[in-house]
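K.L.:
give me a model of this one.
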Amino acid sequence: MKHVEIHTDGSCLGNPGPGGWAAVLRSGDHRREISGGFAPTTNNRMEIIAVLRALELLKEPCTVDLYTDSQYVSKAIRDKWLEGWIARGWITSAKKPVKNRDLWERMAVLLKMHRVSFHWLKGHAGHRENERCDELARTESAKRELPPDPGFPGN
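P.N.:
You can find the predicted model right below:
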């Protein structure tokens, strides 16, 4: 299996508000930056979408080291929240519907295709690729014209 390193970040100006997402993918000598945005949306949705868009670019099953500064994304996978949500029929341990279910359902499919190790990084701590993702995501969220987030309530 090919090995890919992915760094992701999401940004939102207001929460909810206009948001941006970004990812940097590296494999061998190859490096690719991707980014986009929606309005209105939330920071958590942008964090998840950054991961989804990066994983969706992979054309074959890969081993992935994925770096995020999102505790929400990292804990959902590493602390097995996602597995629990699925087992309980998309209900949290607090007996409430899972937020961002549309995105987590897509994530569950992608995680079956690839071997992904999630790594949490402290944001704004000088990690080169994380800082680049932050810059790209903030740039996207500041754009005047952003498409609506199809999964955001009310869009």
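K.L.:
residue contacts, the residue nearest the centre of the chain?
P.N.:
For the chain, I48 is the residue whose C-alpha lies nearest the centre (CA atoms, centre = their mean; 2.7 Å). I48 makes contacts with 10, 72-73, 100, 103-104, 107, as judged by CB atoms under 8 Å, 6 or more residues apart in numbering. All C-beta spots, glycine's among them, are computed from the backbone N, C-alpha and C.
K.L.:
try it again at 10 Å.
P.N.:
Listed by CB atoms under 10 Å, 6 or more residues apart in numbering, the contact partners of I48 are 8, 10, 21, 42, 68, 70, 72-73, 76, 100, 102-104, 106-107, 151.
K.L.:
C133 now?
P.N.:
C133 sits next to 6-11, 20-24, 33-35, 50, 54, 67-69, 123, 127 when contact means CB under 10 Å, 6+ apart.
K.L.:
how near is L57 to E83?
P.N.:
In this view, L57 and E83 are 25 Å apart by CB to CB, to the nearest Å.
K.L.:
got it, and A39?
P.N.:
Using CB to CB, A39 is found at 32 Å from E83.
K.L.:
in the protein, which spans are strands?
P.N.:
For the chain, the strands defined by DSSP state E cover 2-12, 17-27, 30-41, 62-68, 115-120.
K.L.:
for H127, give me the backbone phi and psi.
P.N.:
Per-residue torsions, H127: phi -70, psi 120 (degrees, to the nearest 10).
K.L.:
my guess is it contacts W120. True?
P.N.:
No. Taking contacts as CB atoms under 10 Å, H127 lies outside contact range of W120: 11.0 Å.
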